[in-house]
Every structure is written in structure tokens, then in C-alpha cells.
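Student: The following block contains a protein sequence and its predicted model.
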Amino acid sequence: MGSRDADIDFTFRHPTTARAIVDALTSVGWSVEDPVGGVTTHMINDADDMYEWYASAPEDIDEVLVRLDAPGNLPYTVAINVYHPEAGTGGMFMLMPGRKEVLFSPSIDRRHIPAAPAFTDLAWYLHALVPVLVTTGLEGYEAKEIKH
């Protein structure tokens, strides 16, 4: 049958920050705390192109966001996982170098279209994310699902 990948590529008018995205999302019910493990997970790429994932206590989110948004990390990709506890889903926000392009991968308990369960319900994610990201300077997006 093959596997499927879905993602939404967001483009911002000006460079954005992990803090701007997290603050906007948490204001509408999203969380950075993994409902199962109770931790905050984030990733920092480095000069050696090594993707290093870290787990932190949710109360350390300010420190995590400072680390992700540090000037020394601007040339590298960084990411943070977010969850929508009420909807039982989540995913990864990956901020690309330059911070005008941000990828969202609905990889945590992905929502599927009820009448076509092989497909991701990208419309749900767009409805949940686009209105709040507009407040942070969202300029556009491209949503796609690809079968491998």
C-alpha cells in the first residue's frame, strides 16, 4: 500500500520565531506538553547537520524558546512539537533557516478524513492553524499529501 506523508509549508512576510508561533498557538488551545510523556520536545540542527532532539519539562518552555530563537541558531533548522489536547492530535513545527519558511507536519495522532481514512484531514489542520498564524505575519501556505 505504501506510506503517506502530509505537511503544510507556511510562508511568513518577515522572519518569525518559535516563541511567536508557540505563543499564538497556546492562546487558542494548543500545548507544547506531550500528553503522554508530559515533556516538551524540540530539535536543534547544528553546523554538522546533526538533528538533535531534546526533552524538557513544560515549565522550562521559556528557556527552550530562548534556545530555539538564539541568534546562533538562526542559520539552522529548529523544531518544536505541539499538541491539541482537545482534538487529540499534534505535530511538529520546523522553522527553516531565515525563519520565513515554517513546515508543519501533522505527525502526532494524525487526523484522517472519515470518508477517506487513507488521507490526512488537512482541512482540519488548516482551519486550526491558519487563522491564528495570520496574527503572526503569515503570508501564505501550501498543503500537500504524498504517497510513497
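Tutor: The structure has been received and is ready for your questions. Computed from a prediction, not measured in an experiment: that's the story for all the values here. Numbering: from 1, shown residues only.

Student: tell me which element the residue nearest the centre of the chain is part of?
Tutor: Among the residues of the chain, the one closest to the centroid is Phe93, at 1.8 Å (Cα atoms, centre = their mean). Using DSSP states H and E, Phe93 sits in strand 89-95.

Student: Likewise for Val82?
Tutor: Here Val82 sits within strand 78-84, counting by DSSP H and E.

Student: next one: Ala118
Tutor: strand 116-120.

Student: quick one: low-confidence parts of the protein?
Tutor: For the chain, residues meeting the criterion pLDDT under 70 lie at 1-2.

Student: Could you count how many residues lie near Ala18?
Tutor: Burial measure for Ala18: 24 neighbouring residues, criterion other Cβ atoms under 10 Å. (C-beta placed from N, C-alpha, C; glycine too.)

Student: Quick check: phi and psi on it?
Tutor: phi -60, psi -40 (degrees, to the nearest 10).

Student: Over to Glu63?
Tutor: As for Glu63, its main-chain torsions (degrees, to the nearest 10) stand at phi -60, psi -40.

Student: Next: the one 10 residues further on.
Tutor: For Asn73, the backbone dihedrals are phi -100, psi 0 (criterion: degrees, to the nearest 10).

Student: who's in contact with the closest residue to it other than its chain neighbours?
Tutor: Setting aside the residues directly before and after it, Asn73 is nearest to Ile44 in space (Cβ to Cβ, 6 or more residues apart in numbering), at 6.0 Å. Shown in contact with Ile44 (Cβ atoms under 8 Å, 6 or more residues apart in numbering): Glu52, Tyr54, Arg67, Leu68, Asn73, Tyr76, Val78.

Student: returning to that earlier point: flag every buried residue along the strand holding Ala118.
Tutor: Across strand 116-120, burial judged by 16 or more other Cβ atoms under 10 Å covers Thr120.

Student: Give the partner strands of that strand in its sheet and their orientations.
Tutor: Using DSSP bridges, strand 116-120 pairs in its sheet with strand 112-113 (antiparallel).

Student: Off-centre distance for the partner strand?
Tutor: Here strand 112-113 is found 19 Å from its chain centre; the criterion is Cα atoms, centre = their mean, to the nearest Å.

Student: I am finished for the moment; much appreciated.
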